[in-house]
Every structure is written in structure tokens, then in C-alpha cells.
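Undergrad: for reference, the sequence and a predicted model appear below.
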Amino acid sequence: MRRVNPGLIVLRATGALALVLLLWNPVTTTALPPDTQPIVLLDASLSMTSRWRAALDTTRALVAGGGALVWRFGDRVTAFDSVPPADGASHLAPALEAAAARGGQVVVVTDGAVDDVAAIPLDLLRQPRVVVLARAPFFDAFVASVDGARRVTSSDTVRLRVSYGTAGKRDPKGHGGGSGKRTATLVVSDASRRLLAQTVSLPDSGTVSASLTLPASRFPLPGWHALDVRLEGVGDAEPRDDGRRFVIEVSPQPAAVIFASPPDWETRFLARTLGDVARVPVKTFVETEPGRWHDGATLAPAAVADLRRAAQGARLVVIAGDPDRARANVPASVALLAWPTTRGQPGDWYVERPPPSPLAAGLAGVAWDSLPPALAVGETPRDSGVVTVLTARLARRGAPRAVATLQQRDGRRRATVAAAGLWRWAFRGGASEEAYRALVAALADWLLGSEGGRKERAVPTSLETPNGVPLAWRWTGGGDARPLAIELQGDSDVRRDTLRFDAAGRAELRLPPGAYRYALGPPPSRERGLVAVEEYSDEWRPAAPVLAAQAGAPAGRVVRIGMRDRWWLFAIAIAAFAAEWAWRRRQGLP
């Protein structure tokens, strides 16, 4: 019987003990050294503008003679400088977590209106010293949001839903920035042209909504316009949040027309998604009764001549519901998408991974197994030139059936989607909604003549952004995202920059307030559009402090450190087991 070397036993015991300590992870406490550099976190959000000089004086007094480090925080964490605050949000959590990980005393200088206090752990929130420089109360009227159709034709009516409200205590005598007026005027302007004015009642507090309508013919030229929706005659103390911007595109004719007979949820989601992903104006006509067609937006009666005129000027026509009810109104030369939803075999039809087709690249990356099933599947064309884009199986069993096909004949492109209930993809949100958008975008791109993928390499995620918040862009081109040159024409100058996308295909660009006409990529194939950075910010509105002043923990506090936070314990375990293995190999032991 071979005797085991005591050294191997020691190595094995050492490695095992280190491994047990790492698995158990006991926590020890240690005191921070008294000379750890303190950190001052200075709130640099726009709400600090009126208190900025006092904030700088307070910060200088805190760092005098102490060698403290100063960080600015808002919607991001940056190094200190004394320029006025410019961030459109007050996010304290990232700065506080970074400062706590560094160690030392932490001092927060803020007005108390912090956005993410509820997301900060209580033990972390109790540690810093907090100095609150609260704003004086004031009365404020503001425009909270503007919603409406982004793309209209020159014969449409622009309908805007405006949310506005008041905050703060009103001074009935008009002192202190709060007039006693209970009414104001909502004004819609395009540049310096006044398009609409409507008198509205101001609430005592909170927000209410109003509907504004104006004919699109009031816009002198087609194209992109940045509307200014503003409250006038308020007399409040903060005029910078009295207006919002709304970017709209006016086209001479609709690029896409939808005939829905009868209208249902499928056509409703399709109309909204098609205008969004294809970035074209969409006109919808609905047949509520046999032979009775109406405008989908206003429900005004529409004659057969109106339907044919709209279809003649369109590049894409969609016939949905019962396609045969509207097929006679479709000219032979236009691209056609048929989406029948009134007939087909009912059941749970699960869409499968797409086969090779002209749309395969646009549908890549969709998690098909996680999508809700279609409710019914009908018949698709069976000609020899038909290309199958998507298939589905009933209850995931049996032979697959084509649910989306493409066909090109005599220069005319046709697509058919014979599945009802796909709107539930969009209704579910998240990855399912992105799958629905990808399908509609791929179909629209092919029908409109963009076989190689989307025409636009990048699009803004929102056409307007509040003051102090960056404009976000999303990569929509084929392949991996790559840097993209951008040229922005402002009111008085031209700015050239580069969009640099992260791994998720997102890029950000920070701009001062104004309207900017942009051009992406090198000429001549450049994508163009209009974006706006608003003067408005939630930071301008009155907000009660949610962060109270506190003394914080002393600088010489103790901190808890787990055994897994000690790197040398990992090194001991690895070295012990490696040495034991090498020793055993030298002695010929197993």
C-alpha cells in the first residue's frame, strides 16, 4: 500500500478550505481609512438652472481644503465643470452607485427633485450627506404632450390631441408669476405662420386634453413641418414649458391606401404599423355596410370615384377583410397587398421559421416559436411564379401551409397574407410587436421596390425630444451597424457629425433646441427628414422635493466585504489544486 505524501494532503486541504470559504462567502467588516477622497455629486439637471450659482458656491465650500472629487449627474454622470446645467433628467442612482463603490464620504448637492429615488436601495440612500437647495414655489402652465398622425396628404385634416395643465399655487392678484386668468389660447404655428388658435379652460391643477383640427391645405408646401403648439395668455413664471413641437409630413397624394371590408383589428394595426415602418402617408377607407364606403379617419362618406382616385395616386394598395369587395377599385399598375381575414380554416396556426425568399433578410432574428398563433389561415395563390415567404402548421402538427406569398408578373408586384389574427403580435408588445413590424416592413419594402432591404439605414426613434435629452437613432439597414455621417441644417448653421451605433444598433446625438433637417450618409443616396429638439423639459415644471436633506454616515464608516470580494482567495484555491495535480503527475499518482 503506497503511502500518501503529507504535502499533497496539505495542498488538497488548502484548496478545499479556500473553495469552502468561497462557497460559504462569510462577510467581514473593515473601516475605511480616514484619508479616503470624498466625492461631491452635483445635480446638473435643468431644474437646477435657477439655483446654479448657489449650487456652485455650496460645492466650492464643500471641497475647500479637502481635495474632494466632484461629479455632475443628470441623465448621465460626467466630470465637473461650471457650465450651466443642460441635462433633461435627474438620475441619481448611477452616480451614487459609482461613488459608493469607490469608497469615501459622498455629498449630494441637489434641489431634491430626483427622478429615481424609488429605485435606489435604502441602505445606499442613507449613506451620503444630502444638501438640498429647493426651488421657490411658483405657478406654471404647461403643454404636456401632443399626439396625432405623423403623415397626412394635402386633402386630409390634421387632428392633434394636446394635453396641457397647471401646477403650483395660483396667485389671484397676479403677483409672483401666477395670473388669476382661468383661460388661455392654444396656438398652432408653422415657423412664423399662425395656423390655428383655440381658447381653452385651464384646470386648477393636473392635466386635461383638447382636440385641435385644421386642414392640411393650410401648409403652403408639401414636405416636413415642425409645428409649434403653445399656450398663450397664461402669464406664468416659467414660459419655457408652455409649448411643444410636433413634426409632421404633408404629401400631395397618399403613398399607401387601405381598403378594409369590413374593418377589423387587423386593418387597424396594419394601418398604424405600415405608416410607421414604411414612413409614408396612409389613407384608409372602410366599408361598414355593403356598398357604403367611408373615410377611415373621419367616417365621412366616400364615393367610388374617391376610392379610385386615391388608388390611382398611390404606390401601394392594401385590400383587407374580403379583398373581392375592393378589387375593382385597384388599378392594374399599382403594387398590391391582399390580406383576407374573413375566410379560412380556424384554429391555432403557428407560424414557422421562414424559408429562403426575398424577405428572408428582413425577417432574420425573429423568435418565431414565441409568437402567438394565427386564428385562421386561408388559401394563397398557387401559380408557378409564387414565392412562399411564411408557412404555418395547425397546432404545430401536420403539413405546413403557406400564409404569406410574393408574386411578380408583368412588372406588377403582389403579396398575399392569408392569416387572420396576426395583429395580436403587435398587441402583445415586446419581441412579438417587433416581429409584426418586421413582417409589415419587409412586405412594404418589397412591394415598393426595395428588394435589397430597407431603403433607410437609420431612422430616429422619435421625431421630437425634450430639451436636455439626446436624439436617439436606430439602425435599420442590412448587416451590422456601422458609423454613419449625418448633416443637420438648423435655423442658422449646418452641423456635421457621425452617428456611432452600439451593439444594440442605437446611437445618440445631443443638440441644442431647434428644428433640424437631416441628411444621412454620403450623397447622392441620402436619407432625409426633420427632427426637433424642444425648449420644453419636464425639469422646468414645478416638482416637490423627494430627496430630503440629511447628515449621512460618518466618513470613517465601516463597510461589509464578502470573501468572494477578495481576489487572493481565488488565487490560493487555483494555486493549491494546480500544485497538487503537478506533484501527483511527477510521482505517477492518479
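TA: Great, that's in hand.
Undergrad: now the helices for the protein?
TA: All helices of the chain, identified by DSSP state H, fall at 6-24, 52-63, 93-102, 122-125, 265-277, 304-312, 423-428, 430-447, 567-587.
Undergrad: break down the stretch 151-300 of the chain into its strands, ranges please.
TA: All strands of the stretch 151-300 of the chain, identified by DSSP state E, counting those that start in this stretch, fall at 151-153, 157-167, 183-190, 193-201, 206-215, 223-232, 243-251, 256-261, 282-289, 292-295.
Undergrad: export these to CSV and tack on mean pLDDT?
TA: Output for the strands of the stretch 151-300 of the chain, formatted as CSV (pLDDT from 0 to 100):
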stretch, mean pLDDT
strand 151-153, 85
strand 157-167, 94
strand 183-190, 94
strand 193-201, 94
strand 206-215, 94
strand 223-232, 94
strand 243-251, 93
strand 256-261, 94
strand 282-289, 91
strand 292-295, 93
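Undergrad: out of these, nearest to residue 441?
TA: Closest to residue 441 of these, according to C-beta to C-beta: strand 256-261, at 12.6 Å. In short, each C-beta sits where N, CA and C put it, glycine included.
Undergrad: excluding its backbone neighbours, what's nearest residue 422?
TA: In space, not counting the residues next to it along the chain, residue 422 is nearest to residue 374; the distance is 5.9 Å by C-beta to C-beta, 6 or more residues apart in numbering.
Undergrad: wait, the one you found sits on residue 392?
TA: Yes. The pair residue 374 and residue 392 qualifies as a contact (C-beta atoms under 8 Å) at a distance of 6.1 Å.
Undergrad: okay, which residue is most central for the chain?
TA: residue 461 (5.8 Å; C-alpha atoms, centre = their mean).
Undergrad: identify the residues contacting that one.
TA: Neighbouring residues of residue 461 by C-beta atoms under 8 Å, 6 or more residues apart in numbering: 472-474, 506.
Undergrad: low-confidence ranges, the stretch 51-200 of the chain, go.
TA: Low-confidence segments of the stretch 51-200 of the chain, defined by pLDDT under 70: 65-66, 171-181.
Undergrad: can you rerun that using 50?
TA: The stretch 51-200 of the chain contains residues with pLDDT under 50 at 175-176.
Undergrad: any idea how far apart the tips of stretch 80-100 sit?
TA: 18 Å (C-alpha to C-alpha, to the nearest Å).
Undergrad: what's around residue 296, how many residues?
TA: Residue 296 sits with 20 neighbouring residues when counted by other C-beta atoms under 10 Å.
Undergrad: I'd assumed residue 282 was in contact with it.
TA: No. Using C-beta under 8 Å, residue 296 makes no contact with residue 282, being 9.1 Å away.
Undergrad: joint contacts of these two?
TA: Residues within reach of residue 296 and of residue 282 at once, by C-beta under 8 Å, 6+ apart, are 258, 271.
Undergrad: so for the residue nearest to the centre of the chain, what's the pLDDT?
TA: pLDDT recorded at residue 461 is 90.
Undergrad: same check, this time on residue 453
TA: So, for residue 453, pLDDT stands at 40.
Undergrad: same question for stretch 6-23, mean pLDDT?
TA: 83.
Undergrad: please apply the same query to stretch 532-543.
TA: Averaging pLDDT along stretch 532-543 yields 94.
Undergrad: circling back to that earlier point, quick one: which of residue 374 and residue 392 has more around it?
TA: Using other C-beta under 10 Å, the more surrounded residue of residue 374 and residue 392 is residue 374, with 27 against 22.
Undergrad: just list whatever residues bridge to the more buried one.
TA: Note on residue 374: beta-bridge partners by DSSP bridges are residue 349.
Undergrad: rewinding a little: what do residue 374 and residue 392 both touch?
TA: Shared contacts of residue 374 and residue 392 (C-beta under 8 Å, 6+ apart): 349-351, 403, 419.
Undergrad: quick revisit: quick one, what contacts the residue nearest to residue 422?
TA: 348-351, 392, 403, 419-422.
Undergrad: from residue 364, how far off is it?
TA: Taking C-beta to C-beta, to the nearest Å as the measure, residue 374 and residue 364 are separated by 21 Å.
Undergrad: max-length strand in the protein?
TA: In the chain, assigned by DSSP state E, the strand with the most residues is strand 397-409.
Undergrad: may I see the buried residues of that one?
TA: Judged by neighbour count using 16 or more other C-beta atoms under 10 Å, the buried positions of strand 397-409 are 400-408.
Undergrad: repeat for stretch 101-113
TA: Here stretch 101-113 shows 104-113 as buried, counting by 16+ other C-beta under 10 Å.
Undergrad: quick check, nearest of those to residue 520?
TA: When the buried residues of stretch 101-113 are compared against residue 520 (criterion: C-beta to C-beta), the nearest one is residue 113, at 36.5 Å.
Undergrad: report the contact partners of the closest one.
TA: 45, 47, 90, 135, 539, 543-547.
Undergrad: can you give me phi and psi for it?
TA: Phi and psi for residue 113, reported as degrees, to the nearest 10, are phi -90, psi 80.
Undergrad: now it, nearest residue through space, not along the chain?
TA: Distances taken as C-beta to C-beta, 6+ apart place residue 543 nearest to residue 113, at 4.1 Å, with adjacent residues excluded.
Undergrad: burial check on that neighbour, number of neighbours?
TA: Neighbours of residue 543 under the rule other C-beta under 10 Å: 18.
Undergrad: sorry, back to before: residue 24: which of the strands of the stretch 151-300 of the chain is closest?
TA: Nearest of these (C-beta to C-beta): strand 157-167, 53.5 Å.
Undergrad: what's the burial count for residue 232?
TA: 13.
Undergrad: mind listing the residues bridging to it?
TA: residue 185.
Undergrad: so in that sheet, which strands flank the longest strand of the chain, and in what orientation?
TA: Paired strands of strand 397-409, with direction, are strand 387-394 (antiparallel), strand 412-417 (antiparallel) (DSSP bridges).
Undergrad: confidence score at the residue lying closest to residue 14 once chain neighbours are set aside?
TA: Residue nearest to residue 14 in three dimensions, not counting chain neighbours: residue 576, with 4.3 Å by C-beta to C-beta, 6+ apart. In this model, residue 576 is scored at 85, pLDDT.
Undergrad: if anything else comes up later, I'll come back, but that's it for now.
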